[in-house]
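Chemist: need a structure here:
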Amino acid sequence: MNGLLLTDGYKTGHQQQYPKNTEEVYSNWTPRSNKYAPKGCDKVVSFGQQYVIKWLDDYFKEHFFSKNKEQVCKEIKEELSLYLGGEYNVSHYEQLHDLQYLPIKVKSLPEGVEVPIRTPMVTVVNTHKDFYWVTNFLETILSTMLWQPMTSATIAMLYKRIFKKWALLTDSENVGFIDFQGHDFSMRGMGGLQSALSSGMGHASVFLGSDTLPVISGLRKYYNAKEFVVGSVNATEHSVMCAGTKDDEIGTFRELMKMYPTGILSVVSDTWDLWKVLTVYLPKLKEEVLSRDGKLVIRPDSGDPVDIICGETRTLGGKTPKDKGVVELLWDIFGGTINEQGYKVLDTHIGAIYGDSITTERAENICQRLSDKGFATTNVVLGIGSYTYQFNTRDTFGFAMKATSVVVNGERREIFKDPITDNGVKKSAKGLIKVDLIGDEYVLIDQVSPEQENEGALQVIYENGQFVNQVSLQEIRNRINGCI
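Modeler: Below you'll find the predicted structure:
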């Protein structure tokens, strides 16, 4: 697709709508509100800028600059003339093709840090006065691609904070487990491959467990990821269990354990009757499970996650399997140890994972109720799926890219928006901006001079087709882990 189509239709007329002799348009990308975000997401994780700008640069090279100018500009002229109902002048597109690079400078806060709401994370400005229109021409594609990796990374950070809080309370010797306690199950429910990739990379900036395989390639390409990127385990799905037949489900378990005599093996266990698996089959398989050099992980996949994992009663010793829940039933069969904090930790050969309809609120409740029953919260892994990551929009954190400064006839104009009919969320900064790191908090300062704009925490990452100050996945993970 022609790179010039990566925008909203109404952007195509803005080149001639700016005041005559406009030379510069300066915009910033800011999370304006956490009104619709999960409770506890008070800041936003800076993540995805390098990925998005590299993708954009590659796309324009492949689908615009490397194409024959006459052909690519003729195509856009024909399409926009039809689209707008009149002959469209493409001379500014021809000029851009002659230039052979995107004439913009992009500055960004470091990826992996947390940023307060209403603090700009990215600025974009044109570097050539003939291409003032390019800044906000790119607003649409930048907005389309930036909001999701930042949103998913931020929500993943909240999950990890929940897991760490409860691990410290119930199993502090095993706190490293939290790197894998939130596992990305979301790919099949995301809005296409690019959505799965961008969200999945956001998750993987925080956690090490993922079934979204494209993130491995993405993080290697865009963030110089080396060696291990994310990991998972051998695991079944319902079709495997069904193919083994309902009448011989226990036989399927046996065959799977023979197939994988070592390592972690996850088996979906509610294809028919979860409680029968836990009260009939697993007691019969106990010695086989304990003789494996690895862990058998039981995976329920339906019902209320909190009740399934923790039981419908909040105390030990419920009468029915539903009262006890998965973790207590596994303890009844396989036992385990009681750690120094006094919490029950399942035998290392057995465990549980739940990955259907998990939310941060349910994660908190699962941890709370396991703790109330005397179990370490590290006894369970939660699969974080599209129920978490796809139920978001750009409005989850109110992201927007808005112009705050222009230069016309050589004179700078500080511009801003502040709709009288709004509640203040849409009010923008004014003029040139900088962001200072004061203590451990990023603080916006607007209406600064051009000299001051060159200072502060916003650092150039891209200028005129060249990348600088690139960051690696490991650096991002180190920053994120330093915040948790």
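Chemist: residue boundaries of the strands in the stretch 201-350 of the chain?
Modeler: Under the criterion DSSP state E, counting those that start in this stretch, the stretch 201-350 of the chain contains strands at 209-210, 234-235, 265-268, 296-299, 336-338, 344-346, 350-354.
Chemist: With respect to residue 246, which of those lies nearest?
Modeler: Closest approach to residue 246 among these (CB to CB): strand 265-268, 13.5 Å. Glycine gets a C-beta too; all of them are placed from N, C-alpha and C.
Chemist: Can you show me the strands along the stretch 51-200 of the chain?
Modeler: 104-108, 114-116, 122-126, 182-184.
Chemist: Burial-wise, tell me which of those strands comes out on top.
Modeler: The highest average neighbour count among the strands of the stretch 51-200 of the chain, using mean count of other CB atoms under 10 Å, belongs to strand 182-184 at a mean of 28.
Chemist: Any stretches of this protein with poor pLDDT?
Modeler: Judged by pLDDT under 70, the chain has its weakly predicted residues at 422.
Chemist: repeat that with 80
Modeler: Low-confidence segments of the chain (pLDDT under 80): 417-420, 422-427.
Chemist: Residue ranges of each domain in it, please.
Modeler: According to automatic domain parsing, the chain comprises the domains 3-150+391-483, 151-389.
Chemist: Turn the strands of the stretch 51-200 of the chain into JSON lines, columns for distance to residue 425.
Modeler: JSON lines is the format used below for the strands of the stretch 51-200 of the chain (distance: least, CB to CB, whole Å):
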{"stretch": "strand 104-108", "distance to residue 425": "23"}
{"stretch": "strand 114-116", "distance to residue 425": "15"}
{"stretch": "strand 122-126", "distance to residue 425": "19"}
{"stretch": "strand 182-184", "distance to residue 425": "30"}
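Chemist: Mind putting the strands of the stretch 201-350 of the chain into JSON lines with mean neighbour count and distance to residue 108?
Modeler: Below are those laid out as JSON lines (neighbours: other CB atoms under 10 Å; distance: least, CB to CB, whole Å):
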{"stretch": "strand 209-210", "mean neighbour count": "24", "distance to residue 108": "24"}
{"stretch": "strand 234-235", "mean neighbour count": "16", "distance to residue 108": "37"}
{"stretch": "strand 265-268", "mean neighbour count": "22", "distance to residue 108": "38"}
{"stretch": "strand 296-299", "mean neighbour count": "22", "distance to residue 108": "39"}
{"stretch": "strand 336-338", "mean neighbour count": "13", "distance to residue 108": "47"}
{"stretch": "strand 344-346", "mean neighbour count": "21", "distance to residue 108": "42"}
{"stretch": "strand 350-354", "mean neighbour count": "24", "distance to residue 108": "36"}
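Chemist: Figure out which of these is closest to residue 9.
Modeler: Using CB to CB, the nearest of the strands of the stretch 201-350 of the chain to residue 9 is strand 209-210, at 36.3 Å.
Chemist: Give me the contact list for the closest one.
Modeler: Outside strand 209-210, the residues that touch it by CB atoms under 8 Å, 6 or more residues apart in numbering are 179-184, 200, 203-204, 230-232, 381.
Chemist: Isn't residue 155 up against residue 389?
Modeler: Yes. The pair residue 155 and residue 389 passes the contact test of CB atoms under 8 Å, sitting 7.1 Å apart.
Chemist: Could you check the strands of the stretch 51-200 of the chain and tell me which one is nearest residue 313?
Modeler: Of all these, strand 182-184 sits nearest to residue 313, with 26.5 Å by CB to CB.
Chemist: Tell me the helices and strands packed up against that closest one.
Modeler: With contacts taken as 3 or more CB pairs under 8 Å, 6 or more residues apart in numbering; DSSP states H and E, strand 182-184 sits against helix 139-170, helix 193-204, strand 209-210, strand 380-384.
Chemist: now with 6 Å?
Modeler: Secondary structure elements in contact with strand 182-184, counted by 3 or more CB pairs under 6 Å, 6 or more residues apart in numbering; DSSP states H and E, are strand 380-384.
Chemist: tell me how far the strand it packs on is from the chain's mean position?
Modeler: Relative to its chain's centre, strand 380-384 lies at 16 Å (CA atoms, centre = their mean, to the nearest Å).
Chemist: cool, stretch 319-334 as well?
Modeler: Using CA atoms, centre = their mean, the distance from the centre of stretch 319-334 to the centre of the chain it belongs to is 34 Å.
Chemist: Any buried residues in that stretch, and which?
Modeler: Residues of stretch 319-334 classed as buried: 321-334 (neighbour count, 16 or more other CB atoms under 10 Å).
Chemist: try stretch 26-42
Modeler: 26-34, 37-38, 41.
Chemist: contacting residues for the closest residue in space to residue 59 that isn't next to it in sequence?
Modeler: Distances taken as CB to CB, 6 or more residues apart in numbering place residue 3 nearest to residue 59, at 5.7 Å, with adjacent residues excluded. Counting by CB atoms under 6 Å, 6 or more residues apart in numbering, residue 3 makes contact with 59-60, 63-64.
Chemist: related to what we said a few turns ago, next, format the contacts of strand 209-210 as TSV and append distance to residue 243.
Modeler: TSV is the format used below for the contacts of strand 209-210 (distance: CB to CB, whole Å):
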residue	distance to residue 243
179	33
180	29
181	30
182	30
183	24
184	26
200	29
203	31
204	32
230	28
231	26
232	21
381	25
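Chemist: out of those, which are buried?
Modeler: 179-184, 200, 203-204, 230, 232, 381.
Chemist: burial measure for the closest residue in space to residue 306 that isn't next to it in sequence, as a count.
Modeler: Spatial nearest neighbour of residue 306, chain neighbours left out: residue 365 (4.8 Å); criterion: CB to CB, 6+ apart. Other residues within reach of residue 365, judged by other CB atoms under 10 Å, total 17.
Chemist: in what helix or strand does residue 365 lie?
Modeler: helix 360-372 (DSSP states H and E).
Chemist: helices or strands up against that helix?
Modeler: Helix 360-372 is packed against helix 139-170, helix 305-310, with contacts defined by 3+ CB pairs under 6 Å, 6+ apart.
Chemist: Only the buried residues of it, if you could.
Modeler: Under the neighbour-count criterion of 16+ other CB under 10 Å, helix 360-372 has 360, 362-371 buried.
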